[in-house]
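fold the following and give me the result.
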Amino acid sequence: MEARFNQAACSEFEALLEDHLTGDLSGADAKKLAEHLKNCAACSTALEHAAPSVELLRSVPPSPDPGPGFSRVVMARIRAEMSRRGEQKSIWQPFISVAWRFAATATLALTVLVTFDAVRHIQYGPQTNMDYATVTETRDLFPDPSSPPANRDEVLMMVADTNHGQH
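Here you go, the predicted model:
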């Protein structure tokens, strides 16, 4: 039965089958269809399967006319629903959400670090990380800060003069 149901009616006679079922077919077309139905099993099967649906449609009363603006209202609702779903289900939405969270976290971390550094400089001064020995060694290595060494030999001489950096 499944194989018979899947057979398609001939495209040349498909419209005539519909007209025959609704009673709109007459004359030469009716004779042509009758001859074709004797020889074509596919069209005969299609006619048998379509007949109950035509009877069912005849038993249902016709629906009232929805009015002239019906199609515009329906299309506007469809567009609104599609745009609403399109905004909610964008493929980029999770990435945008993560990016905003990352930016907010980075801003907060930067604010905390800048505040900590500013408070530390206010409380202890800018040179708190250098002890007295480091400052003394720096003065010994570069006795005259206005004249840095010009070449390698002067650097070697400065290191030799300071006992190789040891006191």
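
just checking, which helix or strand of this protein averages the lowest pLDDT?
helix 2-6 (a mean of 49; mean pLDDT, DSSP states H and E).

report the backbone C-alpha coordinates of the following helix or strand past that one in CSV.
Downstream of helix 2-6, the next assigned helix or strand under DSSP states H and E is helix 14-22. This file holds the C-alpha atoms of helix 14-22, laid out as CSV (Å, rounded to 0.1, in the frame of the first residue of the first chain):
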residue,chain,number,x,y,z
GLU,A,14,-3.1,16.5,-12.0
ALA,A,15,-5.1,19.7,-12.5
LEU,A,16,-7.8,17.8,-14.3
LEU,A,17,-8.1,15.3,-11.3
GLU,A,18,-8.8,18.2,-9.0
ASP,A,19,-11.5,19.7,-11.3
HIS,A,20,-13.1,16.2,-11.7
LEU,A,21,-13.3,15.8,-7.9
THR,A,22,-14.9,19.3,-7.4
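
tell me what the following helix or strand past helix 14-22 is packed against?
On the C-terminal side of helix 14-22, the closest following helix or strand by DSSP H and E is helix 28-39. With contacts defined as 3 or more C-beta pairs under 8 Å, 6 or more residues apart in numbering; DSSP states H and E, helix 28-39 has these neighbours: helix 14-22, helix 41-59. C-betas here are computed from N, CA, C, even on glycine.

thank you, goodbye.
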